[in-house]
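J.: Provide a 3D model corresponding to the input given below.
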Amino acid sequence: MVLHIVPVSFQTARAFVAAHHRHHAPPTGHKFSIGVAQDEVLVGVAVVGRPISRVIAADGVTLEVLRTATDGTRNANSMLYGAAWRAARAMGYERLITYTQEGESGESLRAAGFRVLAHRPARGGWNMPARPRESKGTEGVPRTLWEVA
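T.: Numbers count the residues shown, from 1 in each chain. Coordinates of the predicted model:
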């Protein structure tokens, strides 16, 4: 029972995230998605895209892991983060970032070579008078910004 990286379509990755992610809905776009399988069974996915932060996205050399989701298979998440970084580097990107919420250990990120870049305080949400947004249910949670470069 060996884990190995497999290609997955965005549609497959979105469906896996919808079924297995603890607190986020599937993302709406991506640059690429990858999966990890045990034998022939998909046990996890990573969705990588343009950084959500406009300031970070403006540099043109950074991607963000928008979601990872696994069925709990040991080492699957760290394998996804490592593969995502190798793929991003192969595409010419110089940095890969992601966020964890308060209470998430980040062990998978550390195992894949990521480091803590910053701790972000809780936000009230993305709803702004000039740009109304619906609640995602994750507002008010402090986050940690991670990077590998």
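
J.: in the helix or strand of the chain with the lowest mean pLDDT, which residues are buried?
T.: Each helix and strand of the chain was given a mean pLDDT (mean pLDDT, DSSP states H and E); the minimum falls on helix 54-57 at a mean of 81. Of the residues in helix 54-57, those buried by neighbour count under the rule 16 or more other Cβ atoms under 10 Å are Ile56. The way it works is simple: take the backbone N, C-alpha and C, and place the C-beta from them, glycine included.

J.: pull the residues that contact that helix.
T.: Applying Cβ atoms under 8 Å, 6 or more residues apart in numbering, the contact partners of helix 54-57 are Arg50, Pro51, Thr62, Glu64, Ile97.

J.: gap between the second one and Leu66?
T.: Going back to what we said before, that points to Pro51. Applying Cβ to Cβ, to the nearest Å, one obtains 9 Å for the distance of Pro51 from Leu66.

J.: looking at those two, which is more packed in?
T.: Ranked by neighbour count (other Cβ atoms under 10 Å), Pro51 and Leu66 place Leu66 first, with 24 against 18.

J.: tell me the pLDDT of Gly137.
T.: Gly137 is assigned a pLDDT of 63 by the prediction.

J.: Thr70 against Val36, yeah?
T.: Yes: taking contacts as Cβ atoms under 8 Å, Thr70 lies within contact range of Val36: 7.4 Å.

J.: who touches both of these two?
T.: Contact criterion Cβ under 8 Å, 6+ apart; residues shared by Thr70 and Val36: Val43, Gly44, Val45, Ala76, Leu80.

J.: elements contacting the helix or strand harbouring the third one?
T.: It stands for Val45. Val45 belongs to strand 41-49 when assigned by DSSP states H and E. Here strand 41-49 touches helix 10-20, strand 32-38, strand 62-70, helix 76-90, going by 3 or more Cβ pairs under 8 Å, 6 or more residues apart in numbering; DSSP states H and E.
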